[in-house]
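>>> Got a predicted structure here, sequence first:
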Amino acid sequence: MIICEKRFDFPHPSNPDYSLLELDFYAWVPVHKRNSIGDHRLSLRKNLKTGKFELYRHYYSSDKEEEIIFEGTFEEALKIANEEVKRYHGYDREEDKPCLHTPPQMDNKCPVVFEAKKK
């Protein structure tokens, strides 16, 4: 999937320090993989105070509800998320890529393209 990092620039109404958009890479961990780690979902959000992207695990039943596993650039967050999908779900899929704001590598909800069309 092609994802535009600019979609993460809009604040969440109930927590303006973070992006409204959170992208889930997977929603659960297969039972046979839960021995090494608890069941969780893997999500990406942007910390609007720091400007960094956070890749985090939200645990369903654990002492810790949330664990930030990466903080940094959008591109690196996508790379690590792709590795985590392979690690816990064991399949290769087309890797997620950053939007270049022009076809063919463009998010269909790219705000950069949307704003350009308005002019």
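All right, it came through fine.

>>> Give me the phi and psi for the residue nearest to residue 44 when sequence neighbours are not counted.
Leaving aside its sequence neighbours, residue 44 sits nearest to residue 23 (CB to CB, 6 or more residues apart in numbering; 4.5 Å). For glycine as for every other residue, the C-beta is placed from the backbone atoms N, C-alpha and C. Residue 23 adopts backbone torsions of phi -110, psi 120, taken as degrees, to the nearest 10.

>>> if I look at residue 91, how far off is residue 26?
11 Å (CB to CB, to the nearest Å).

>>> Need the residues touching each of these two.
Common neighbours of residue 91 and residue 26, using CB atoms under 8 Å, 6 or more residues apart in numbering, are residue 85.

>>> Look at the two and report which has more neighbours.
residue 26 (15 against 6; other CB atoms under 10 Å).

>>> Look up how far residue 77 lies from the closest residue to residue 93 other than its chain neighbours.
Of all residues not flanking residue 93 in the chain, residue 85 sits nearest, at 6.9 Å (CB to CB, 6+ apart). Separation of residue 85 from residue 77 (CB to CB): 13 Å.

>>> same question, residue 70
Residue 70 is 6 Å from residue 77, by CB to CB.

>>> Secondary structure element holding the residue nearest the centre of the chain?
Nearest residue to the geometric centre of the chain (CA atoms, centre = their mean): residue 44, 2.6 Å. Residue 44 belongs to strand 40-47 when elements are defined using DSSP states H and E.

>>> helices or strands next to the helix or strand that comes right after that strand in the packing?
Next helix or strand after strand 40-47 toward the C-terminus (DSSP H and E): strand 52-59. Strand 52-59 sits against strand 40-47, strand 66-72, helix 74-89, with contacts defined as 3 or more CB pairs under 8 Å, 6 or more residues apart in numbering; DSSP states H and E.
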